[in-house]
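Asker: this one's sequence-less:
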């Protein structure tokens, strides 16, 4: 729907000059909202027509003033059309500011991206993580590379962003960096978040992502079955470092804790509960949702193994995540496990193992500290042995049920109703 646009000239009658003249004001009205400014022209009220908004009188001076008013009006109309075509949204204040040369220079994509990241950095350690912040910084840098490579400029305005630009950025990531489709989509997702940030600030009124759909491919998550966990746990390693990495990994497999949550685990998180058992009770680093996990015998024995042997009150000899994953690859080879094992596989293994032993998914979700069941469903897999056991239970109950026979009188009545067509 096109906005209504009007320009009106009037006298500012409360500002009478010594010579009796009054300033001529211009008023811009768009959709009922107005903005006004002084045209720097003045005229005696005797020579002013409020009806036409022009100067009355003969002579070159009056003719010149009316020509200047017509020029102001035409210029305002041009600015209105330009802003409307550029932003798809125009206000009286915007038109006035452009005319007066006060329009704020449009912020560019990388400028706003930097502003977003500066604000995001303030949330690190409170409601955001350093890791996510570095990913936003990486996305900004990748965008800068793409803009320079594709358009040979240092930055672009938001009105230049469209579906072609977005798809081009996706292809740039895939072609220039070794990453999967989903990883490239994560870059696009963070890019979209910054565009939304610009929209919320009122810097843009359109959505370049309106016609672009983010599509993630389903990825089959690796997990370890009970036999594989037993093989790793019972393996004797020649290297002390491999043994320690194995212990931490197995601990996570039986507690479901992520790498960062294992790093942050303290004696205060181990509590004796009302049921007489030890429980891990701690808030997840990522979501601040409390996880409640029963400490089973295997993880309990691992904690006892390192009790009092580590500095600074640490419970486990945790090393960097990158080093941990490197050693886990070696452990997989030594144990003859043909799976890509990372530390995060432990969390998936815990969820799947719990489900396979009959723990309800609601309880698994609570232990993992998830905010909804759908997230837990991504982590937990129904393995074939569990499916077979469930179907056996179903088959036994179904096959052994007692079939009630219908009374003879009911059969006769029902048959009669069908034969007679009765109700």
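Answerer: On my side now, so go ahead. Keep in mind the model is a prediction, meaning the values are calculated, not measured. Residues are numbered from 1 along each chain as shown.

Asker: Which neighbouring elements make contact with the helix or strand encompassing residue 72?
Answerer: Using DSSP states H and E, residue 72 falls within helix 60-87. When contacts are defined as 3 or more CB pairs under 8 Å, 6 or more residues apart in numbering; DSSP states H and E, helix 60-87 sits against strand 5-11, strand 22-30, strand 33-43, strand 54-55, helix 92-99. Just so you know, the C-beta spots here come from the backbone N, C-alpha and C atoms, and that holds for glycine as well.

Asker: lowest-confidence stretch among the ones you listed?
Answerer: Out of the helices and strands packed on helix 60-87, helix 92-99 stands lowest, with a mean of 90 (criterion: mean pLDDT).

Asker: Which positions in that helix come out as buried?
Answerer: 92, 94, 95, 96, 97, 98, 99 (16 or more other CB atoms under 10 Å).

Asker: That one vs helix 60-87, what angle?
Answerer: Computed with axes from the mean of the first three to the mean of the last three CA atoms, to 10 degrees, the direction of helix 92-99 lies at 120 degrees from that of helix 60-87.

Asker: Surely residue 28 touches residue 90?
Answerer: No. Applying CB atoms under 8 Å as the test, residue 28 and residue 90 come out as separate, 10.1 Å apart.

Asker: what residues are shared contacts of those two?
Answerer: Any residue near both residue 28 and residue 90 by CB atoms under 8 Å, 6 or more residues apart in numbering counts here, and that gives residue 5.

Asker: What's the end-to-end length of stretch 150-170?
Answerer: Criterion CA to CA, to the nearest Å; first-to-last residue distance in stretch 150-170 is 12 Å.

Asker: Give me the mean pLDDT for that stretch.
Answerer: 92.

Asker: Could you pull up the mean pLDDT of the helix holding residue 72?
Answerer: What helix 60-87 shows for mean pLDDT is 89.

Asker: Count the residues that sit near the spatially closest residue to residue 29 that is not a sequence neighbour.
Answerer: Spatial nearest neighbour of residue 29, excluding adjacent residues (CB to CB, 6 or more residues apart in numbering): residue 6 at 4.6 Å. Residue 6 is flanked by 11 other residues according to other CB atoms under 10 Å.

Asker: how about residue 6, what does it touch?
Answerer: Counting by CB under 8 Å, 6+ apart, residue 6 touches 28, 29, 30.

Asker: low pLDDT regions in the protein?
Answerer: Along the chain, the model assigns pLDDT under 70 to residues 1-3, 87-88, 103-106, 379-390, 402-423.

Asker: out of the contacts of residue 6, which one sits closest to residue 62?
Answerer: Nearest to residue 62 among the contacts of residue 6 is residue 28, at 24.0 Å by CB to CB.

Asker: how near is the nearest residue to that closest one once chain neighbours are set aside to residue 15?
Answerer: What sits nearest to residue 28 in space, not counting adjacent residues and going by CB to CB, 6+ apart, is residue 92, at 4.3 Å. From residue 92 across to residue 15, the span is 22 Å (CB to CB, to the nearest Å).

Asker: how far away is residue 229 from residue 29?
Answerer: Remark: distance between residue 229 and residue 29 (CB to CB) = 74 Å.

Asker: brain fart, residue 143
Answerer: Residue 143 is 40 Å from residue 29, where distance means CB to CB.

Asker: out of these two, which sits in the more crowded spot?
Answerer: A direct count of neighbours by other CB under 10 Å for residue 143 and residue 29 places residue 143 higher, at 23 against 15.

Asker: what sits against the more buried one?
Answerer: Applying CB under 8 Å, 6+ apart to residue 143 gives the contacts 109, 110, 113, 169, 191.

Asker: Look at the second one and say how many residues are nearby.
Answerer: The tally of other residues near residue 110 (other CB under 10 Å) stands at 17.

Asker: right, and it touches residue 146 too?
Answerer: No. At 10.8 Å, residue 110 does not count as touching residue 146 under the criterion of CB under 8 Å.

Asker: ok, now which ones touch the nearest residue to residue 43 once chain neighbours are set aside?
Answerer: The shortest distance from residue 43 to any non-neighbouring residue, by CB to CB, 6+ apart, is to residue 55 (5.4 Å). Contacts for residue 55 (CB under 8 Å, 6+ apart) come out as 43, 47, 48, 49, 62, 65, 66, 69.

Asker: residues making contact with stretch 331-347?
Answerer: Residues outside stretch 331-347 that contact it (CB under 8 Å, 6+ apart) are 221-224, 228, 231-232, 235, 237, 242, 245-246, 249-250, 252-253, 256-259, 321, 324-325, 328-329, 368, 379.

Asker: Show me which positions of it end up buried.
Answerer: By neighbour count on 16+ other CB under 10 Å, the buried set for stretch 331-347 is 331, 332, 334, 335, 337, 341, 342, 343, 344, 345, 346, 347.

Asker: what distance separates it from the middle of the whole chain?
Answerer: Mean C-alpha position of stretch 331-347 versus that of the full chain (CA atoms, centre = their mean, to the nearest Å) differs by 30 Å.

Asker: The closest residue to residue 177 other than its chain neighbours: how many residues sit nearby?
Answerer: Among residues not flanking residue 177 along the chain, residue 142 sits closest, at 7.8 Å (CB to CB, 6+ apart). Using other CB under 10 Å, residue 142 is surrounded by 19 other residues.
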